[in-house]
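Q: sharing a sequence plus its predicted fold:
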Amino acid sequence: MNNCLNYKGYTGNIEFSEEDGVFHGKVIGIKPLISFEGDSVSLITEDFRNAIDEYLEFCDENDIEPEKPFKGSFNVRIGAELHRKAVLAASSNGVSLNSFVEEAIRQRVG
């Protein structure tokens, strides 16, 4: 089962509230909170697409650049000792820390 929706380059996660009997979700990978819900697959899909369209329309009307998800950079906080080990391992492999971390992530996510 796929728990995500995709539209215009944006991805929304989907969860189900048994208590409320409704699917709900939010767009991931951007700072603005864009949420959506529906009590069926077709309704949550429609609300997700409407939420994206409304966000893009709001940005356009207010001369704001819409935030693009998954820009390719992010901050990671790790312990000092792990940081040291990663820098040393990267250096001994003749690559930058960024390349070292990128390869480690690639190996884990496929």
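A: Right, received. Where do you want to start?
Q: how near is the residue nearest to the spatial centre of the chain to Arg77?
A: The centroid of the chain falls nearest to Gly29 when counting by Cα atoms, centre = their mean (2.7 Å). Between Gly29 and Arg77 the distance is 18 Å, computed by Cβ to Cβ, to the nearest Å. Using the backbone N, CA and C atoms, a C-beta is placed for each residue, glycine as well.
Q: can you give me the strands in this structure?
A: With DSSP state E as the criterion, the chain has strands at 4-7, 10-17, 22-28, 35-38.
Q: want to throw those into a markdown table with mean neighbour count?
A: Shown next, in a markdown table, are the strands of the chain (neighbours: other Cβ atoms under 10 Å):
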| stretch | mean neighbour count |
| --- | --- |
| strand 4-7 | 14 |
| strand 10-17 | 16 |
| strand 22-28 | 18 |
| strand 35-38 | 17 |
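Q: where in this protein is pLDDT low?
A: In the predicted model of the chain, residues 1 satisfy pLDDT under 70.
Q: so which residues of it form helices?
A: With helices called from DSSP state H, the chain shows them at 41-61, 80-92, 97-109.
Q: and those helices, which is most packed in?
A: helix 41-61 (a mean of 15; mean count of other Cβ atoms under 10 Å).
Q: tell me the contacts of Gly21?
A: Counting by Cβ atoms under 8 Å, 6 or more residues apart in numbering, Gly21 touches Asp39.
Q: got the phi/psi numbers for it?
A: Main-chain torsions, Gly21, degrees, to the nearest 10: phi 70, psi 40.
Q: for the one 10 residues further on, same thing?
A: According to degrees, to the nearest 10, the main-chain angles of Lys31 amount to phi -80, psi -40.
Q: tell me which of the helices of the chain sits nearest to Asn6.
A: Among the helices of the chain, the nearest to Asn6 by Cβ to Cβ is helix 41-61 (9.1 Å).
Q: between the closest one and strand 22-28, how many degrees?
A: Helix 41-61 and strand 22-28 are oriented at 40 degrees to each other (axes from the mean of the first three to the mean of the last three Cα atoms, to 10 degrees).
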